[in-house]
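Student: could you work out the structure for the sequence below:
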Amino acid sequence: MSRLLLTLARHRRLVQSHSLLLPTNRVLAIQQSLIRPFSQHAQSTAVFEATQGTTPLSRHDTITHKGSFRIDPHQRTIIEHLDRLWHELQHYTPPPHPTPTPHGFLYNVSTWIHPPSKHPHNPPPSLYVYGDVGTGKTMVMDLFYDTLPIQRKRRVHFHAFMLDIHARIHCIKTTQPQLTNPLALIADTLVQEAYVLCFDEFQVTDIADAMILRKLLDELFARGMVLVTTSNRHPTDLYKNGIQRPSFLPCIDLLLAQCRVLCLDSGTDYRTIARPTSDVYFYPLNQATRQKVETLVRQWTQDTPMTPMTLAFLSRTLVIPQQAKGVAWVRFSEVCAGPLSAADYLELVKHFHTIVLTEIPRMTMKHRAEARRFITLIDAMYESKVVLVASAECALADVFNAEEGKEEMEASLRGDMEEWCVGHVSSSLFTGQEEAFAFQRAMSRLIQMQSKEWVNKQVGSA
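Tutor: Residues are numbered from 1 along each chain as shown. A predicted model of the protein is given here:
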């Protein structure tokens, strides 16, 4: 049964194009194109310009006193915990561990003789901050990261992190098939690079990611990694109703044991607070809408003729039909209806400060794969502070309906399960709960991305 469920999961991954197979000679390129841009971005575009000796709490009090942010007691409570961790980290360095070796047999022997301690010098407790969308979780984590005066730290989004892990696993299995535990070697390398990991948007919707995280986090914590992560879910709700979820429960237990779990839920979605907006989202799809989009494009490209561009990365290519002066114009069907994944979107936002996404349709559960890709694209754009100009069939609030089309989707899935001889499977991945939850977050982000503050800041700095 488990093999059949894994086959089902692989089929779903292929349909939604979340799998990634990479040649071994691209390892360095993988690391440069996936992880480095995000860590550099977090440092180069930091909202909080830290000074020597600045703590998260003192920096927060300074910016709220100046009126840059409104005072939120819920956020300040979380920052007090982050401030305590900030001070604890000033006196902490993870224990030394044998340098990773490329020789699989020798590494197996060395880790058998000197396994990592399960409690390495009592590291500071990690922090897991969860709450509803738009409550400031990423903001407080970035404040902590930007003021932390250590070199071995990393701030990374979930998509980029997991793509990097999948790529490293593939490389090790290809070059060192005799290595019995590739995640141990990966954990050694990760901790050498950074022993404080700030992990944004912790979410688990994929069985492969669930099984990897279960083992990888155990290896990282055993080596003294300190984790600060944000999520919309309490740890006990991660991968809820997912395929083979009992196999993921040890990961939840590990998070509960290693992390202080904190709730940041003030009841306010700061992204949706009324603020001046820019005209960057247009509907319905008609000639007037197209003319408005074309006017914006001509203005931002200074009437420069748009030409095609091919992005080459990770032994694959992505064709941008029209682009000029950092502005890319693509249709929804070109980037969300085809077999693209987070890797493609991360590459896209590296090259363009503005993306014009046109002809967005109204989506139901019949279009859940397209909706998933659309959400992943928005996540990548939001993380990289990219401007979105969009034309759509309907108003933003009506773009995705998680209820409509559900019966047809479930009937189709039942037919597939009968064909593969798989029994009843209860999963939020099949009911649309995950899509509805993820789209709520995407909606919050899209509202913020329409604000004049967002658009002017990005266009003005381009």
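Student: going forward, measure contacts between C-alpha atoms and count neighbours the same way
Tutor: Noted.
Student: in the protein, which spans are strands?
Tutor: Applying DSSP state E to the chain gives strands spanning 126-130, 153-157, 196-200, 226-231, 259-263, 281-282, 307-313, 316-324, 327-331, 354-360, 387-392.
Student: now these as TSV including distance to Leu249?
Tutor: Below are the strands of the chain laid out as TSV (distance: least, CA to CA, whole Å):
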stretch	distance to Leu249
strand 126-130	16
strand 153-157	23
strand 196-200	20
strand 226-231	17
strand 259-263	15
strand 281-282	42
strand 307-313	36
strand 316-324	36
strand 327-331	41
strand 354-360	38
strand 387-392	38
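Student: format these as TSV; extra columns: mean neighbour count, mean pLDDT and distance to Thr301.
Tutor: As requested, the strands of the chain are arranged in TSV below (neighbours: other CA atoms under 10 Å; pLDDT from 0 to 100; distance: least, CA to CA, whole Å):
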stretch	mean neighbour count	mean pLDDT	distance to Thr301
strand 126-130	24	96	40
strand 153-157	22	93	30
strand 196-200	22	94	33
strand 226-231	24	96	37
strand 259-263	17	96	44
strand 281-282	23	96	18
strand 307-313	13	95	12
strand 316-324	16	95	6
strand 327-331	21	98	7
strand 354-360	22	97	10
strand 387-392	24	96	13
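Student: select, out of those, the one closest to Leu296.
Tutor: Closest to Leu296 of the strands of the chain, according to CA to CA: strand 387-392, at 8.5 Å.
Student: which elements pack onto the closest one?
Tutor: Judged by 3 or more CA pairs under 8 Å, 6 or more residues apart in numbering; DSSP states H and E, strand 387-392 is in contact with strand 281-282, helix 287-301, strand 354-360, helix 452-461.
Student: how close does Ile252 sit to Leu213?
Tutor: 10 Å (CA to CA, to the nearest Å).
Student: swap in Val386?
Tutor: 29 Å.
Student: the more surrounded of those two?
Tutor: When Val386 is set against Leu213 and neighbours are counted by other CA atoms under 10 Å, the residue ahead is Val386, at 21 against 18.
Student: would you list the phi and psi of the more buried one?
Tutor: Main-chain torsions, Val386, degrees, to the nearest 10: phi -90, psi 140.
Student: so what's it up against?
Tutor: Val349, Phe352, His353, Thr354, Ile355, Gln458 (CA atoms under 8 Å, 6 or more residues apart in numbering).
Student: okay, these in TSV with distance to Leu163 next?
Tutor: Formatted as TSV, the contacts of Val386 follow (distance: CA to CA, whole Å):
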residue	distance to Leu163
Val349	16
Phe352	21
His353	22
Thr354	24
Ile355	23
Gln458	26
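Student: and these, which two are the farthest apart?
Tutor: Between any two of the contacts of Val386 (CA to CA), the greatest distance is 12.6 Å, for Val349 and Gln458.
Student: which one of these two has more residues nearby?
Tutor: Higher neighbour count among Val349 and Gln458: Val349, with 22 against 15, using other CA under 10 Å.
Student: correct me, but Ile355 touches Ser391?
Tutor: No - if you go by CA atoms under 8 Å, Ile355 and Ser391 don't touch, sitting 11.5 Å apart.
Student: figure out which of the helices and strands packed on strand 387-392 is closest to Thr93.
Tutor: Nearest to Thr93, of all the helices and strands packed on strand 387-392, is helix 452-461, at 37.5 Å by CA to CA.
Student: average model confidence for that closest one?
Tutor: Helix 452-461 shows a mean pLDDT of 76.
Student: state the distance from the nearest residue to Arg214 once chain neighbours are set aside to Ser384.
Tutor: Spatially, and ignoring its direct neighbours in sequence, Arg214 is nearest to Cys251 (4.6 Å; CA to CA, 6 or more residues apart in numbering). For Cys251, the distance to Ser384 equals 29 Å [CA to CA].
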